[in-house]
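**Student:** One predicted model, sequence on top.
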Amino acid sequence: MASESSSAVSAVSPVTAEELTLTVKWSGKEHTVRVCCDDTVGELKRRICEVTNVLPKRQKLLYPKVGSKLADDSLLLSQIPLKASLKMTMIGTIEEDIFVDQVESPDIIDDFELELEETVDIKDKEINQQKLRRRIEQHKIVLRNPCRQGKKLLVLDIDYTLFDHRSTAENPLELMRPYLHEFLSAAYTAYDIMIWSATSMRWVELKMGQLGVLNHPNFKITALLDHMAMITVQSDHHGVFDCKPLGLIWAQFPEFYSPQNTIMFDDLRRNFAMNPQSGLVIKPFRKAHANRSTDEELMKLTQYLYAISDIDDLTLLDHRDWEFFDLKSFKRRRRNA
């Protein structure tokens, strides 16, 4: 628990990894991107996306004598003989149809369980801390509404958490998870709410707008985050993968949010790798047409958020047992501790 707090503090220390400035040619223009040798190809594509708006999955990178290595997003740049003196070519197209973007995105279902010792190792590993520090420096969160003093923070995923993005429907509201507006309205009384998706910001804004989340009279969304706010981490057992580091939020709004008052819902536990104590794995909402009449996950989670809203330090909780949480028993255990 204490180590997670220290992670948020250490996130503001100076970056020490060796940096490399690369020139990327695309659509007749040259763009400059800065990366580190311990970044992955996937991270390089994120940096290119920032200056070209071509999503990483749309990019094909060409570089002298490298061959197909740049097609492997998990490969470390230190394993590729990149030189600042040579120019890289990127082939790719900006999204014209946001729906095409989402329909063609990969459906990640091979989630994996991270053991406690492994999550601690991932979170505290210096290479991952450096990536977090760089993300804090490079990515500034834009507030849609002011942070509220004294409120906890609820961070929510979208796909399969609030919305079934794989099913088809004439109206997006048909794919919205049951009780979404009621859930957000109730949560807003004690929590600021941020939405964090692994998709593009255009898709996040469109989807949340269509679901009536961005301009609802009973709650306000504090901020939206997309795939550009994520980082790539390394695991000894599961290789390289992307995750959502809450330390980015804690470092940019330290007077409002910390590990002690933040909880995050996501259907993929890997997204909690840098902040395992703050994550709650929500049951995925799939096959909306068949399941929306029986899905009560958000209603149950509303009760859990209410129950823990007065607890000063949320890192004392094990969110894996959220369905069996009893506030009186928790307080009794704390008194006897």
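**Tutor:** Structure's in. What do you need?

**Student:** Can you list the low-confidence ranges for the stretch 101-250 of the chain?
**Tutor:** 101-120, 238 (pLDDT under 70).

**Student:** residue ranges of the strands in it, please?
**Tutor:** Listed in chain order, the strands of the stretch 101-250 of the chain (DSSP state E, counting those that start in this stretch) span 152-156, 191-196, 223-225, 231-235, 239-243.

**Student:** contacting residues around the third one?
**Tutor:** Okay, so that is strand 223-225. Strand 223-225 is touched from outside by 141-144, 194-197, 201, 204-205, 208, 244, with contacts defined as CB atoms under 8 Å, 6 or more residues apart in numbering. C-beta coordinates here come from the backbone N, C-alpha and C atoms, glycine included.

**Student:** Can you lay out the strands of the stretch 101-250 of the chain as TSV showing distance to Pro178 and mean neighbour count?
**Tutor:** Shown next, in TSV, are the strands of the stretch 101-250 of the chain (distance: least, CB to CB, whole Å; neighbours: other CB atoms under 10 Å):
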stretch	distance to Pro178	mean neighbour count
strand 152-156	15	24
strand 191-196	18	24
strand 223-225	22	21
strand 231-235	33	22
strand 239-243	28	18
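
**Student:** how about those, which one is nearest Pro217?
**Tutor:** strand 191-196 (14.6 Å; CB to CB).

**Student:** Can you spell out which helices and strands pack onto the closest one?
**Tutor:** Applying 3 or more CB pairs under 8 Å, 6 or more residues apart in numbering; DSSP states H and E, one finds that strand 191-196 contacts strand 152-156, strand 223-225.

**Student:** Please name the residues that touch the closest residue in space to Pro146 that isn't next to it in sequence.
**Tutor:** Nearest non-adjacent residue to Pro146, counting by CB to CB, 6 or more residues apart in numbering: Thr222, 7.7 Å away. By CB under 8 Å, 6+ apart, the contact list for Thr222 reads Leu143, Arg144, Asn145, Pro146, Cys147, Leu153, Asp192, Ile193, Met194.

**Student:** Leaving out the residues flanking it, which one is nearest to the first one?
**Tutor:** Think Leu143. In space, Leu143 is closest to Ala223, 5.4 Å off (CB to CB, 6+ apart).

**Student:** What residues are bridge-paired with that neighbour?
**Tutor:** Leu143, Met194 (DSSP bridges).

**Student:** one step back: would CSV of the contacts of strand 223-225 with distance to Glu170 be doable?
**Tutor:** Below are these laid out as CSV (distance: CB to CB, whole Å):
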residue, distance to Glu170
Ile141, 34
Val142, 32
Leu143, 34
Arg144, 29
Met194, 30
Ile195, 24
Trp196, 28
Ser197, 23
Met201, 25
Val204, 22
Glu205, 21
Met208, 19
Lys244, 32
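
**Student:** Drop anything exposed from those.
**Tutor:** Ile141, Met194, Ile195, Trp196, Ser197, Val204, Glu205, Met208, Lys244 (16 or more other CB atoms under 10 Å).

**Student:** end-to-end on stretch 275-293?
**Tutor:** End-to-end distance for stretch 275-293: 33 Å, by CA to CA, to the nearest Å.

**Student:** Please apply the same query to stretch 286-301.
**Tutor:** First residue to last in stretch 286-301 (CA to CA) measures 18 Å.

**Student:** I'd assumed Tyr306 was in contact with Ala186.
**Tutor:** Yes: using CB atoms under 8 Å, Ala186 is in contact with Tyr306, at 7.2 Å.

**Student:** out of the two, which sits in the busier spot?
**Tutor:** Ala186 (20 against 14; other CB atoms under 10 Å).

**Student:** mind listing the helices for the protein?
**Tutor:** Secondary structure of the chain by DSSP state H: the helices cover 2-10, 41-52, 98-103, 116-124, 126-138, 180-188, 201-210, 247-252, 288-291, 297-308, 327-336.

**Student:** between these, which one is nearest to Asp157?
**Tutor:** Among these, helix 201-210 sits nearest to Asp157 (CB to CB), with 10.7 Å.

**Student:** contacting residues for the residue positioned nearest the centre of the chain?
**Tutor:** In the chain, the centroid-proximal residue (CA atoms, centre = their mean) is Lys244; its distance is 3.2 Å. For Lys244, the contact set (CB under 8 Å, 6+ apart) comprises Val155, Trp196, Ala198, Leu225, Ala229, Met230, Met264, Asp266, Asn271, Phe272, Met274.

**Student:** Give me the distance between the two termini of stretch 267-277.
**Tutor:** Terminal residues of stretch 267-277 lie 15 Å apart, using CA to CA.

**Student:** list the contacts for Leu162?
**Tutor:** Leu156, Met176, Arg177, Leu180, Leu211, Val213, Phe285.
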